[in-house]
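Undergrad: Need a 3D model of the sequence below.
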Amino acid sequence: MKTTRKKSHERGFASYLLVLSSTLVLTLLMLAAYRRSINSQTVQSQVQLRIDYAEKEDAILRAILADLPNSAIDAMQRQTALGAPGTDPASWQNIFTRAIAQANAGRSVNALDNPTGATIANTGDNIALNVNNTFSPITTLPGQYVNAGILGIGAGYPYPLTAVNPLIENDFPLLNNGKTYSVQTGAFGNSGPQLSTVLYPNFNQLIYPDVGFRYKNPGESFVGRRNWWAFSLNAAATDSARTGLARARRNFVFSIYEIPSQAPLSAMGMITIGNLRPTVSIEGKIASQDVTIAAGSNIDNEFASRSNPTFTGGNATIKGRAVTAASFLAGEREAFKVNNPTANFPVSLSTDGGRSAFVPITPPVSFYDRFAVGATPTPWESYTNGASQCAIQITITNPSINPGVPTLGITCLNAAGTRIAANNPSTAFVAAASGNLTISIADIPAYLAANVGASPSLAINNSISVNYLRVNGAPVDESVRGSYRVILDNCDNLTGFTSGFSLVTNFGLYIADDFNIVDIAPADAAAASLPAALTHTPACSLFAPEKFFGSLSFDPTQVTHKGQVGSSGNAANPLRNRSGLGNDLGAIVTQSLSEINHPGNLPPINMMNWLVVLDEIR
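TA: Numbering: from 1, shown residues only. Now for the predicted structure:
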C-alpha cells in the first residue's frame, strides 16, 4: 500500500546572502578578538620590558652606590696623578662600566643558572650593554657622563658649590676643602644652605634628607656640605632598535654629604653603653659604628648605628620602647612602621633604605699623627689627617723612651697662610721637661707677635698638633709615644679664638686648668659672624688617645663638661673619665652633651663622615 507522509510545516529555502553575511561578521569578530589579544600581548610585553629595565637600572644604581665612596677615596689619593677619564678606574666612565658588570645588567639569566647553554629568547638581553648609550649628562657635555654640582643646571637640582678646578669635577668624584658655597640665584628649594654663604662658605646649615639612616631626623637641620653629580640613565637605549621600546631617560643625582661629627656622643668604632650616671645628660642621637647595649638599660636617646646593636642579654628600653636582638630580624622594623606610622624606630641602621650609605672616614690612628702620612701628603691624607690640618705644629725632634728635656721644633702660619719656622725661645708657649710638654694657651698671642709679625691672627693659627719626629709613614713606637704627655694650662679663657680652637696629639692629654669657660662678648661674636642667639664659648675640639682631668699631682674635686664626646676607635666606655693620677672620677664629673646644629659652633678640626644619597629627579 502506498502512503504519503504529510509535512507539518511549510517549505523553506536557504539565503546565500544571509549565510555569507553571518560568516563574515563572525570572522571579523574573531579577527578583532585576535587583534585585541595580540595588542594586549604587545602591551603586556612592553610593560614587562619596562619593569625589566627598571629592575636593571635599580641594580646598576645599587652597584654605583656601593662603588662611589671607594672610587672617591681612590681619586683623592691619586688626585695629582689621575689618568685619562676613559682609562682611570676612579673616573665616572669606569664607575658606570663596573656598575653594569656588577649588576649583571646585560643578562636576564645568570650563566650559572643555564648550565645547558640554552638560547635565551629575551629581546632585552644584551651582553654588550653600552655605557655610552646608557649614561649621559643632563646638559650637553661632549665626552662626559655627569654634570658635577659646580655650575647650576636648572630648576629642581641641588644648590651648586664653587670649585678651584671645575673641569676635572665632571670626570672624577672629587671632594676637597677647596669646595665652597657662594651666592647663587635659582630655584633650589631646601637643597641648599640655610644660612648666609658669605658668612659660612665651607660648612653651612642644611636640611637632612629623607633617608633610612637617621643621623638626624628628615627635615631637621644639620651642619654639612653637599657634593653632587647629576646624570641620565636609560638601560633600554642600547636595545631600542631591537625591542622597539620608546622609554624616557631617568634623571638622578648622587650626593655625598660631608658631615663633621656633631652628635652629642659618637664613635667610629665600637662602644658599650648602659644606664647613664645621674650626672650625665645627652640631648640628641647617639651615633656609632657598632654598639653593645647592656641588658636592662633604660636609655632616653635614639641610636644611629652602621650595624645591628649587640645586646649582652635580655632586652633594653630605648626611647621608651622595649628593644631586643629579635627587633632586628627581617620584617620586624617594617611591621613597627606599619603599626606606628608617625613614630620612628629608636635605632636606625645604615642599611635602612636601599639608596643611601653612611661612611665614617676618619682613620682611627693616623688622624692624631702628622708622621703617619707621607712627607708630601696626598689630598686624601690632608683631608683625613687631623694633625696635618693644624696651623701650629709642635714636633719633638729628639724622641726617646727615656726622655730628658725634649727638643722642640715649632712651625705656624703667617698672615698669607704660608708655613714658617717659629722657634723664638723667649716667647715660647711650650715648657718641656722630662717628657712633659706644658702648653700655655694664654701665651700664644705673644708668641705669634714675636714670630709672625705685627698682626698675628688667632683666626689663622687656631689649632695645634703635637707629635714626635720619625720617618714619614713609619709605625709608631708605643714605648716612645707612652713616654710623653701633653699638659694644657692657662686655658680657661679662649675668647681670642673667635674662629674656634683645636688640639690634636697622639700623646696622653692632661687638662690641668679650667678649659674654655669664658663666653665670647656679644660684640666680638657679632664681628666673628657667630650666631647672635647662641651666646657661648668658642667652638673647641681636643683629640688625643687618652684624656685626663687634673695634673700629675692632684685629683680634681669637680669636673663639669658641656659639648660632645667622640671616639675614632674602639672605646669600651667613652664616658669614662680619669684624673691625672689615673683614678676613675665617676660621679664628680657632670656631663651635658648636646648636638652641634650651627656652623658657628664648628671647631677648626673635626672627625668627618660621608652620607651618600641617591635621588631621582622627577
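
Undergrad: Pass me the low-pLDDT residue ranges in the stretch 1-150 of the chain, would you?
TA: Per-residue confidence for the stretch 1-150 of the chain (pLDDT under 70) gives these ranges: 1-14, 105-129, 141-143.

Undergrad: repeat that with 50
TA: Residues of the stretch 1-150 of the chain meeting the criterion pLDDT under 50: none.

Undergrad: Confidence-wise, which helix or strand of this protein is lowest on average?
TA: Within the chain, confidence by mean pLDDT, DSSP states H and E is lowest for helix 522-527 among all helices and strands, at a mean of 68.

Undergrad: N251 contacts N234, doesn't it?
TA: No: with contact defined as C-beta atoms under 8 Å, N251 does not reach N234; the gap is 10.1 Å. The way it works is simple: take the backbone N, C-alpha and C, and place the C-beta from them, glycine included.

Undergrad: next SSE after whichever strand in the chain runs longest?
TA: If you go by DSSP state E, the chain has its longest strand at strand 221-233. Remark: after strand 221-233, the chain's next helix or strand is helix 240-243, criterion DSSP states H and E.

Undergrad: buried stuff in that next one?
TA: T243 (16 or more other C-beta atoms under 10 Å).

Undergrad: so what strands line up beside the longest strand of the chain?
TA: Partners of strand 221-233 in the sheet, by DSSP bridges, are strand 135-136 (antiparallel), strand 147-148 (antiparallel), strand 204-207 (antiparallel), strand 250-260 (antiparallel).

Undergrad: Of the ones you listed, which stretch is the most buried?
TA: strand 147-148 (a mean of 26; mean count of other C-beta atoms under 10 Å).

Undergrad: helix or strand right after that one?
TA: Elements were assigned by DSSP H and E; along the chain past strand 147-148, the next helix or strand is helix 166-169.

Undergrad: quick one: contacts of that next one?
TA: Helix 166-169 is contacted from outside by L82, A148, I150, L151, A163, L174, W229, using C-beta atoms under 8 Å, 6 or more residues apart in numbering.

Undergrad: Repeat the analysis, applying 6 Å as the threshold.
TA: The set of residues external to helix 166-169 that reach it, using C-beta atoms under 6 Å, 6 or more residues apart in numbering, is A148, I150, A163.

Undergrad: Pull the contacting residues for the first one.
TA: Think A148. With contacts defined as C-beta under 6 Å, 6+ apart, A148 is in contact with E169, N170, W229.

Undergrad: Give me the nearest residue to it, chain neighbours excluded.
TA: Spatial nearest neighbour of A148, chain neighbours left out: E169 (3.5 Å); criterion: C-beta to C-beta, 6 or more residues apart in numbering.

Undergrad: From A33, how far out is the one you found?
TA: Distance check for E169 against A33: by C-beta to C-beta, to the nearest Å, it reads 58 Å.

Undergrad: higher neighbour count, these two?
TA: The neighbour comparison of E169 against A33 (other C-beta atoms under 10 Å) goes to E169, with 22 against 10.

Undergrad: those helices in the protein, which residues are they?
TA: With DSSP state H, the ranges of helices along the chain come out as 16-77, 92-102, 131-134, 166-169, 240-243, 332-339, 379-384, 444-451, 478-481, 522-527.

Undergrad: Could you name the helices and strands sitting against the longest one?
TA: Just to be clear, that refers to helix 16-77. helix 92-102, helix 379-384, strand 608-617 (3 or more C-beta pairs under 6 Å, 6 or more residues apart in numbering; DSSP states H and E).

Undergrad: What angle do helix 92-102 and it make with each other?
TA: Angle, helix 16-77 to helix 92-102, by axes from the mean of the first three to the mean of the last three C-alpha atoms, to 10 degrees: 120 degrees.

Undergrad: okay, now the residue lying closest to G296 once chain neighbours are set aside: neighbour count?
TA: Nearest-residue entry for G296: G314, 6.2 Å, with adjacent residues in sequence omitted and distances by C-beta to C-beta, 6+ apart. Using other C-beta under 10 Å, G314 is surrounded by 11 other residues.

Undergrad: Tell me the spacing between the closest residue to F328 other than its chain neighbours and P545.
TA: Nearest-residue entry for F328: N308, 4.6 Å, with adjacent residues in sequence omitted and distances by C-beta to C-beta, 6+ apart. Taken as C-beta to C-beta, the spacing of N308 relative to P545 amounts to 28 Å.

Undergrad: if I read this right, T537 contacts A521, doesn't it?
TA: No: between T537 and A521 there is no contact, the gap being 11.4 Å when judged by C-beta atoms under 6 Å.

Undergrad: And the strands in the stretch 501-618 of the chain?
TA: 501-505, 508-511, 540-543, 547-549, 559-563, 565-567, 578-579, 589-594, 608-617 (DSSP state E, counting those that start in this stretch).

Undergrad: lowest-confidence stretch among the ones you listed?
TA: Out of the strands of the stretch 501-618 of the chain, the stretch the model trusts least by mean pLDDT is strand 565-567, with a mean of 83.

Undergrad: In its sheet, which strands sit next to that strand, and in what direction?
TA: Looking at strand 565-567 with DSSP bridges, what it pairs with is strand 265-273 (parallel).

Undergrad: buried residues in stretch 137-151?
TA: The neighbour-count criterion (16+ other C-beta under 10 Å) identifies P137, I138, Q144, Y145, V146, N147, A148, G149, I150 as the buried residues of stretch 137-151.

Undergrad: give me every residue that touches the last one.
TA: For I150, the contact set (C-beta under 6 Å, 6+ apart) comprises P160, A163, P166, E169.

Undergrad: Format these as TSV; extra columns: distance to S594.
TA: TSV is the format used below for the contacts of I150 (distance: C-beta to C-beta, whole Å):
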residue	distance to S594
P160	32
A163	33
P166	38
E169	36
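
Undergrad: which one among the residues you listed gets closest to L509?
TA: Sorting the contacts of I150 by how near they are to L509, with C-beta to C-beta, puts A163 at the top with 36.2 Å.

Undergrad: In contact with the closest one: list those residues for me.
TA: With C-beta under 6 Å, 6+ apart as the criterion, the residues that contact A163 are I150, E169, K179.

Undergrad: if you set the cut-off to 7 Å instead, what comes out?
TA: The neighbours of A163, taking C-beta atoms under 7 Å, 6 or more residues apart in numbering as the test, are I150, E169, G178, K179.

Undergrad: how far is stretch 423-441 from where the chain is centred?
TA: Here the centre of mass of C-alpha atoms in stretch 423-441, compared against the chain's by C-alpha atoms, centre = their mean, to the nearest Å, lies 38 Å away.

Undergrad: first to last residue in it, what's the distance?
TA: Looking at stretch 423-441, the gap from its leading to its trailing residue is 16 Å under the measure C-alpha to C-alpha, to the nearest Å.

Undergrad: same thing with stretch 499-509?
TA: 22 Å.

Undergrad: List the buried residues of it.
TA: Buried residues in stretch 499-509, counting neighbours by 16+ other C-beta under 10 Å, are found at S499, G500, F501, S502, L503, V504, T505, N506, F507, G508, L509.

Undergrad: With distance to S266 as added columns, please give those in a markdown table.
TA: Putting the buried residues of stretch 499-509 into a markdown table (distance: C-beta to C-beta, whole Å) gives the following:
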| residue | distance to S266 |
| --- | --- |
| S499 | 23 |
| G500 | 18 |
| F501 | 20 |
| S502 | 16 |
| L503 | 19 |
| V504 | 17 |
| T505 | 20 |
| N506 | 20 |
| F507 | 23 |
| G508 | 21 |
| L509 | 19 |
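
Undergrad: Out of these, the closest to F222 would be?
TA: The shortest gap between F222 and any of the buried residues of stretch 499-509 belongs to G500, at 18.1 Å (C-beta to C-beta).
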